[in-house]
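Colleague: Sequence unavailable; structure follows:
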């Protein structure tokens with residue numbers, strides 16, 4: 001029987017991280033997959049729970065969580081509505097949260113537990129940096145990953161940002177103007193070497209599967225090629241006709257995975273099954 005258990009722990013700035021673990025009760029020692037959501041995303045976005053069930057049904061323990069400053073309230077985790085938290089997010093805070101969850105997994109399942117890491121979009125960038133520096137990561141899978149954190153805003157916005165202390169990005173789904181405080185830019189500039197995704201990609205020495213749709217208007221397919229070129233040992237898989245989220249939507253009401261996302265999951269399952 002597939003079960004989903006919730007957990008919570010302290011994240012960056014002592015804000016709460018909430019997450020869940022999806023697993024088959026008949027397989028208590030299943031290997032672990034940890035999923036990291038992207039910018040303006042969250043653990044229950046779209047078809048994420050169906051993805052979790054897919055991997056649990058195929059012999060894995062699937063763990064996903066909301067980054068502490070994702071803007072998704074703990075008491076109403078259905079969308080990004082806490083704009084104060086969202087505005088004060090930084091990449092360093094997200095890396096802190098990711099490490100907190102990795103520590104939690106180590107305590108729950110043993111310090112030697114090897115973790116398969118999946119990151120989507122900005123979460124892909126975070127996962128690349130983590131995998132380059134953390135021996136706990138067994139295999140890396142990136143979906144629609146970015147290659148530069150500064151790609152999430154326009155270069156010409158930076159002057160206004162430094163002048164006013166804030167810029168706004170549009171949520172394409174809700175049309176809402178979402179604030180970003182200057183702390184995000186400062187963190188990126190002050191930690192440029194640490195937060196360089198392409199340089200981190202060059203240092204990854206574990207199996208890495210790069211998945212990207214060729215109809216992704218959010219992060220161009222050329223970005224995936226850039227990451228693959230940085231690490232020739234990686235494997236790049238193009239998903240023909242796939243957008244940034246492989247056909248998922250928010251909300252997603254179907255009971256089965258979108259066909260292209262199902263194809264992504266199959267590719268990942270095959271990759272994880274390889275020695």
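Modeller: Noted; the coordinates are in hand. None of the values given here were measured: they were computed from a predicted structure. Numbering: from 1, shown residues only.

Colleague: At which residues are the helices of the stretch 101-250 of the chain located?
Modeller: Under the criterion DSSP state H, counting those that start in this stretch, the stretch 101-250 of the chain contains helices at 122-133, 158-164, 182-190, 197-203, 221-230.

Colleague: got a list of contacts for the first one?
Modeller: Pointing back at helix 122-133 there. Under the criterion CB atoms under 8 Å, 6 or more residues apart in numbering, residues 35-39, 41, 91, 94-95, 98-99, 102, 117-119, 137, 140, 142-149, 152, 194-195, 197, 200-201, 203-204, 206, 208, 227 lie in contact with helix 122-133. Yep, even glycine has a C-beta here, placed from its N, CA and C like the rest.

Colleague: which of those residues are buried?
Modeller: 35-39, 41, 91, 94-95, 98-99, 102, 117-119, 137, 140, 142-147, 149, 152, 195, 197, 200-201, 204, 206, 208, 227 (16 or more other CB atoms under 10 Å).

Colleague: could I get the helices of the stretch 101-250 of the chain as CSV with mean pLDDT?
Modeller: Conversion of the helices of the stretch 101-250 of the chain to CSV gives the following (pLDDT from 0 to 100):
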stretch, mean pLDDT
helix 122-133, 98
helix 158-164, 96
helix 182-190, 98
helix 197-203, 98
helix 221-230, 98
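
Colleague: Make TSV out of those and add distance to residue 8.
Modeller: Converted to TSV, the helices of the stretch 101-250 of the chain look like this (distance: least, CB to CB, whole Å):
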stretch	distance to residue 8
helix 122-133	19
helix 158-164	33
helix 182-190	25
helix 197-203	29
helix 221-230	33
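
Colleague: Buried deepest among these, which one?
Modeller: Burial of these is given as mean neighbour count (mean count of other CB atoms under 10 Å); helix 122-133 ranks first at a mean of 26.

Colleague: okay, now residue 270: neighbour count?
Modeller: A total of 11 residues lie near residue 270 under the criterion other CB atoms under 10 Å.

Colleague: what sits against it?
Modeller: By CB under 8 Å, 6+ apart, residue 270 lies in contact with nothing.

Colleague: what's the answer for residue 143, then?
Modeller: Taking CB under 8 Å, 6+ apart as the criterion, residue 143 is in contact with 118-121, 124, 211-212, 246, 264.

Colleague: likewise residue 264?
Modeller: Counting by CB under 8 Å, 6+ apart, residue 264 touches 143, 211, 239, 242, 246.

Colleague: Test my guess that the fourth one contacts residue 215.
Modeller: To tie it back to what came earlier, the one meant is residue 242. Yes. Under the criterion of CB atoms under 8 Å, residue 242 makes contact with residue 215 at 6.0 Å.

Colleague: Counting neighbours, go ahead and name the busier of these two.
Modeller: Neighbours were tallied for residue 242 and for residue 215 using other CB under 10 Å; the higher tally belongs to residue 242 (24 against 13).

Colleague: Which stretches in the stretch 151-275 of the chain count as strands?
Modeller: Per DSSP state E, counting those that start in this stretch, the stretch 151-275 of the chain has strands spanning 166-170, 177-181, 208-213, 235-239. These are given in chain order.

Colleague: Output the ones you listed in JSON lines; the columns should cover distance to residue 130 and mean pLDDT.
Modeller: Converted to JSON lines, the strands of the stretch 151-275 of the chain look like this (distance: least, CB to CB, whole Å; pLDDT from 0 to 100):
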{"stretch": "strand 166-170", "distance to residue 130": "24", "mean pLDDT": "94"}
{"stretch": "strand 177-181", "distance to residue 130": "22", "mean pLDDT": "97"}
{"stretch": "strand 208-213", "distance to residue 130": "12", "mean pLDDT": "99"}
{"stretch": "strand 235-239", "distance to residue 130": "19", "mean pLDDT": "98"}
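
Colleague: Would you mind telling me which of those is nearest residue 74?
Modeller: strand 177-181 (18.8 Å; CB to CB).

Colleague: ok, the closest one: who's next to it in the sheet?
Modeller: The strands beside strand 177-181 in its sheet (DSSP bridges) come out as strand 166-170 (antiparallel).

Colleague: buried sites along the strand or helix carrying residue 53?
Modeller: With elements taken from DSSP states H and E, the one containing residue 53 is helix 48-57. By neighbour count on 16+ other CB under 10 Å, the buried set for helix 48-57 is 48-56.
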